[in-house]
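> need a 3D model of the following:
(one chain, ligands or ions: 1)
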Amino acid sequence: MLGKGIPGWVLFTKALGHDPNNHSGDNFSQYSNQNLGVMVRLNNGYGGAGTLPFQSKYDDFAKRCANYVRASTGARIWIVGNETNHPIEWPGADWDWSVVPPQPRSPDKRGEPITPDAYARCYKKVRTAIHAIPGHERDQVLVGGVAPWNPLTTYPGNETGDWVRYFQDILVHIGPGQCDGVTLHAYTHGDDPNLIRSERKVGNETFKQYHWDFRCYQDFMHAIPANMRHLPVYITETDQGDVPWRNENTGWVKGAYGEIDYWNQTQPQKIRALILYRWPRLDQWYIEGKEGVIQDFRDAMDFGYKWTTYTEPGQEEKLEALWRRLRALEERYHALQPQIDRAKSLNDTLGEEVQDLVVLAPDLQDAATLHTQIQELAGDVSGLEAELEKLGSTPTVPPGAVPRPSIQDVMADLPQHASARWPVRPLADIRRIVIHHTVTSTSVTPQRIAQVHVGQGKPGIAYHYLINGDGVIYAVQPLTRIVLQATSSAANRRTNADSIAIALAGDFREGRNVEPSDAQRQAAAALIAWLISERRLGGVIEQIVFGRNELGESVLSPGTQWLDGVRYRDKLFADTKAILDAASECADSEELANLRMEVTFLRTEVARLEGVAAQVPALQDQIGQLQITIGDQAAEIERWREIAEQCQDAGALPEIIDVRATLPHHPTLPPYRNRTQPITKIIIHHTDTPSNFTVEQIAHYHVYGTRPNKSQWPGIGYHYVIAADGSIYWCQNHETHSYHVGAANAYSLGVSLIGRFLRVGYDGKPQAPADQLPTTAQLESASRLVAWLMGEVNVTDIAQVVGHKEVGQTTCPGDQWRRGVNWKKDLHARIEAQRLGKPMAFYLLF
Ligand SMILES: [Zn+2]
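The predicted structure follows:
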């Protein structure tokens, strides 16, 4: 390649391992500086080491790849893994390849299959890691080539191991916004150059739709999802199958490059490389030193095959700037994602532990700015879209890409001379288009014309395209062939070398067909417009398209009516210009299409982010309310502490109202027994009623069981009840074994505070903060009562004053007994203060 001054590709393959602390790299500058495109295939290892590591090591592998890219110079295209549908590339695999079908040597030597979803996960990690390196944001990270004809990777949905399906599933898992391009592998089965264009199919019922030779690349191309047809494709391995390269110039190499060039001429998704496997003498497929193969390759280069996209220099810079902006926006998008996640996890945390709020407060600030940031991002994406639209609608690329008309390729079916061949030319030599007529019926077939031409001793049909009277376009000769169109002068020999021959079936003289039918002329216009656009022949049709009789020969073709009479030339040119004009209005480039697709992807991602972020304001409200509650409660507590201190000095005693005789008793049930065990615990309850309930009402529902699922009792269950205003009611004798705390009734006294000290009220709605806690008066009374009781019944240890929920399954005496405000602690402190500050006898005054 270098000898011919033609740019080309060189591919290196590297075993990197997956040590995230390995920072080594390579220098490829000596190649990239010589106009060679450098591709590097990133492998974990070879054979049983796995081209990718075990799935648990994908993160490490991605780090290692990024380290390698960062430390390497002269390469910007990276391929992730190799033939991952082939067990020979799986981590931990050791198979016996001598049996049919191949088998793992033992069940534990099967290896970890690399399924499409696993591959896609690894690919995305590696790509993200590489793009995160400054200066490598636009590196191409390519999907590794899939081994054609290998059915050994099966998984649900692909039970036959279909390699094309495997390839397609990988792309679907990765998705269009997260892929830079793909690589393919294609081979012939044998060294016959005719196998390059062979339509031979796989000799197996399951896979009979797939090509058995080089054209297996077309099976892969057709499987690329429609939304990924803008991506670059590289064929990174080709050879003659199991046969090593024969040291002979067979034309196989020329044929392969010609085939890919034909694909590129006729298909919108271009193949940018065809790389022969392989140069160095590392295995049986080496080329180094095989002069015949090398000469075949040199000959192929004479064609100057080149894939093209249309991008003008000025536009290139604009696109570059847009790409940079897009990358920056993508980065911002990714930066926002963790904040969103954190905001969501806040919500879960909130439910349980209110006291953590103080710690979470800084995150709240993030949440507050999050929405704004996303909105800004969305705004920027809109701006980018608008610019892209402007750029796209400006006809900067004359002429625009004209759609390819429908063309039937019959080249392989036409008769040829036994030995003679038309000379070849590089496609870049093409400058002009020459129109012929066939002087036959308008329905003549390409086969018939080829027969006639070969019969005249020509190497083959002497046109490149034939269009019949119905407007059917046949491709009859590769554009790389120089066909004999005009003969009489040196100037005309040059015409042959630089022009494309289009024949219109018919005889366009007065008295014959006169002029082409509308269908035929419109087909010709579509073909000419497409050729002008595709081959970039220029902007002035009069300088590109000629009738054969305009080239200095005394011939009639393409008929007297071309320039005289009906002058169908004018109609043809008008039709062609109309197509070119229409195309230039929607002129587009591959790059632009690419950008558009990525922006669309980003747009959907941002929309998703907006959706998640929409939850944030509600979350913030909730947090805000809780903060207020906590603030209020902290103030309350402080006030209580002050009061407690005052109480120690004042020593005012609450009145105790004896209602033992007046509360209702059950009319028929026997009265409560007297206890047989000493009292060792004092139990604190809430009544789980509205705070304005009276002690009578409470006794009533205990006695008559009026609440759901409650049985009837002999009398009120509590020994004491304390109202919200602090009034203390004596309800049962201390020795009465009443019901309030299940199994612990036998040795417990029950003291109940009227109220429902829960966050949620009976109606299921949040209660006011004040209703979630006892009143100060209630607490104060409770502390005095309990302090007195402790002396009275000889429960001396404060630890024996417990909440109902500490001895049974219940929410009593409320949510914040031991959490949140923790009023148990407060009550205990008050009780202790009472006990230490006052003689017990002081309380015996009622
Ligand atoms: Zn209770």
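> what is the burial count for the residue of the stretch 51-200 of the chain found nearest the ion?
The nearest approach of the stretch 51-200 of the chain to the ion comes at S56, 52.1 Å away (CB to the ion). All C-beta spots, glycine's among them, are computed from the backbone N, C-alpha and C. Around S56 sit 9 other residues, with neighbours defined as other CB atoms under 10 Å.
> what residues does the chain have near the ion?
H685, H804, C812 (CB under 5 Å from the ion).
> please redo it, this time with the cut-off set to 6 Å
H685, H740, H804, C812 (CB under 6 Å from the ion).
> quick one on the thing from earlier: and the residue of the stretch 51-200 of the chain closest to the ion, what does it touch?
Neighbour list for S56: empty [criterion: CB atoms under 8 Å, 6 or more residues apart in numbering].
> got the domain boundaries for this structure?
Per automatic domain parsing, the structural domains of the chain span 8-301, 407-585, 651-843.
> in which helix or strand does the residue of the stretch 551-700 of the chain found nearest the ion reside?
As assessed by CB to the ion, the ion sits closest to H685 within the stretch 551-700 of the chain, at 3.3 Å. If you go by DSSP states H and E, H685 is part of strand 681-686.
> again, but for Q416
Secondary structure (DSSP H and E) places Q416 outside all helices and strands.
> so what's it closest to, chain neighbours aside?
G460 (4.5 Å; CB to CB, 6 or more residues apart in numbering).
> can you check S72 too?
Per CB to CB, 6+ apart, closest to S72 is G25, 3.7 Å.
> which SS class is that neighbour?
coil (DSSP: H, G, I helix; E, B strand; the rest coil).
> same thing with E387?
helix.
> tell me how many other residues surround F693.
F693 - counted by other CB under 10 Å - has 19 other residues nearby.
> likewise the one 4 residues further on?
Counted with other CB under 10 Å, the burial measure for Q697 works out to 15 neighbours.
> save the domains of the chain as a markdown table, and put in mean pLDDT and distance to A401 too.
Formatted as a markdown table, these follow (pLDDT from 0 to 100; distance: least, CB to CB, whole Å):
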| stretch | mean pLDDT | distance to A401 |
| --- | --- | --- |
| domain 8-301 | 92 | 8 |
| domain 407-585 | 90 | 6 |
| domain 651-843 | 88 | 64 |
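> for the ones you listed, give me a markdown table that also has distance to L384.
Formatted as a markdown table, the domains of the chain follow (distance: least, CB to CB, whole Å):
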| stretch | distance to L384 |
| --- | --- |
| domain 8-301 | 14 |
| domain 407-585 | 23 |
| domain 651-843 | 45 |
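> out of the ones you listed, flag the one nearest E376.
Checking these against E376 by CB to CB gives domain 8-301 as the closest, at 20.7 Å.
> distance between stretch 146-163 and the chain's centre?
23 Å (CA atoms, centre = their mean, to the nearest Å).
> how about residues contacting it?
Contacts of stretch 146-163 (CB under 8 Å, 6+ apart): 83-87, 101-102, 113-116, 165-167, 169-170, 184-187, 202, 206-207, 210, 212, 216, 219-220.
> okay, and which of these map to strands?
L184, H185, A186, Y187 (DSSP state E).
> show me which pair in those is furthest apart.
L184 and Y187 (10.7 Å).
> how far off centre is the strand holding H685?
58 Å.
> mind listing the strands it pairs with, and their directions?
Strand partners for strand 681-686, identified by DSSP bridges, are recorded as strand 748-753 (parallel), strand 801-803 (parallel).
> which secondary structure element is home to the residue lying closest to R567 once chain neighbours are set aside?
Leaving aside its chain neighbours, R567 sits nearest to Q561 (7.1 Å; criterion: CB to CB, 6+ apart). Secondary structure from DSSP H and E places Q561 outside every helix and strand.
> what of R784?
helix 776-792.
> can you mark which positions in the helix or strand containing I528 are buried?
Using DSSP H and E, I528 maps to helix 518-534. Buried residues in helix 518-534, counted by 16 or more other CB atoms under 10 Å: 520-534.
> now swap in stretch 744-758 and tell me
744-745, 747-758.
> next: stretch 407-425.
I407, V410, M411, L414, P415, Q416, W422, R425.
> the fifth one contacts V454, correct?
Okay, so that is P415. Yes: if you go by CB atoms under 8 Å, P415 and V454 touch, sitting 5.1 Å apart.
> common neighbours of these two, please.
In contact with both P415 and V454: G460, using CB under 8 Å, 6+ apart.
> still on that earlier bit, ok, the residue nearest to R567 - contacts?
F508, R509, E510, V514, E515, R567, Y568.
> quick one: the strands in the stretch 551-700 of the chain?
With DSSP state E, counting those that start in this stretch as the criterion, the stretch 551-700 of the chain has strands at 656-658, 681-686.
> could you dump those to JSON lines with mean neighbour count?
JSON lines is the format used below for these (neighbours: other CB atoms under 10 Å):
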{"stretch": "strand 656-658", "mean neighbour count": "15"}
{"stretch": "strand 681-686", "mean neighbour count": "23"}
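> out of those, nearest to L773?
strand 681-686 (9.9 Å).
> what's the angle between that closest one and helix 776-792?
Counting by axes from the mean of the first three to the mean of the last three CA atoms, to 10 degrees, strand 681-686 lies at 160 degrees to helix 776-792.
> and the contacts of strand 681-686?
Contacts for strand 681-686 (CB under 8 Å, 6+ apart): 718, 740-741, 744, 747-757, 774, 782, 786, 789-790, 793, 795, 800-804, 807, 812-814, 817, 824, 827.
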